[in-house]
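J.: sequence unavailable; structure follows:
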């Protein structure tokens, strides 16, 4: 059983409901960074989704058998543009539902997300790209005043490619967060990516 088994058990009914209702989504956070680089068990799952107020009741009807959900609290979170969490009852995995913000970075991130099979024999799910996993961790690290060692380790850990012999394929590339007065430093990213510096703070602004 892989590290993603419980994650996929928790995600499958939710993702099925999203697809039935035509709700755009992708998975970010530790699932994305684990898939592309430093593998570690996650305490919760971050899902970015474009949920509208009129869809909440339909989601609750589909999800109540499998999750703890509160329709009123969820409606309020959607109206205010805030995250909302659901808990999968069988696994007790918490899924944090982040609103799909109307900013250039988030829309670009959504367009680059791709389908991946995290657990053999289970459905594919859309996951943020390796490039965006790095940029998001850098953003959180910057917003936290460079105080989170976990975010620092996750974006500085080598991102590897399993092609060929399975040896890491690395390319040195520099990423700079908008608004930063100093260089963030160098990180390793997959050779097949074409990382681009982000120079405009408005790109990541809410």
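T.: Cool, got the structure. Computed from a predicted structure; not experimentally measured.
J.: now stretch 21-33: mean pLDDT?
T.: Over the span of stretch 21-33, the pLDDT mean works out to 91.
J.: what residues does it touch?
T.: Here stretch 21-33 makes contact (Cβ atoms under 8 Å, 6 or more residues apart in numbering) with 4, 7, 11, 15, 17-18, 40, 42-51, 55, 58-59, 96, 98, 100, 109-110, 113, 118, 125-128, 132-133, 136-137, 154-155. C-betas here are computed from N, CA, C, even on glycine.
J.: just the buried ones out of those residues, please.
T.: Buried subset of these (neighbour count, 16 or more other Cβ atoms under 10 Å): 4, 7, 11, 15, 17-18, 42, 44-51, 55, 59, 98, 100, 109-110, 113, 118, 125-128, 132-133, 136-137, 154-155.
J.: keep only those of those residues that are in strands.
T.: Counting by DSSP state E, these place 44-49, 98, 125-127 in strands.
J.: what segments of the chain are helices?
T.: Applying DSSP state H to the chain gives helices spanning 5-21, 29-36, 56-63, 71-80, 104-112, 130-143, 149-156.
J.: next, the buried residues of the longest one.
T.: When neighbours are counted by 16+ other Cβ under 10 Å, the buried residues of helix 5-21 are found to be 6-15, 17-18.
J.: ok, those vs residue 88, which is closest?
T.: Minimum distance to residue 88 across those is 3.7 Å, recorded for residue 10 (Cβ to Cβ).
J.: quick one: average pLDDT of stretch 66-84?
T.: Mean per-residue pLDDT for stretch 66-84: 97.
J.: pull out the buried positions in it.
T.: Buried residues in stretch 66-84, defined by neighbour count with 16+ other Cβ under 10 Å: 66-67, 69, 74-75, 77-78, 84.
J.: mind putting those residues into CSV with distance to residue 33?
T.: CSV is the format used below for the buried residues of stretch 66-84 (distance: Cβ to Cβ, whole Å):
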residue, distance to residue 33
66, 26
67, 24
69, 27
74, 27
75, 31
77, 25
78, 26
84, 22
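J.: tell me the pLDDT at the residue lying closest to residue 68 once chain neighbours are set aside?
T.: Leaving aside its sequence neighbours, residue 68 sits nearest to residue 87 (Cβ to Cβ, 6 or more residues apart in numbering; 4.4 Å). Per-residue pLDDT puts residue 87 at 97.
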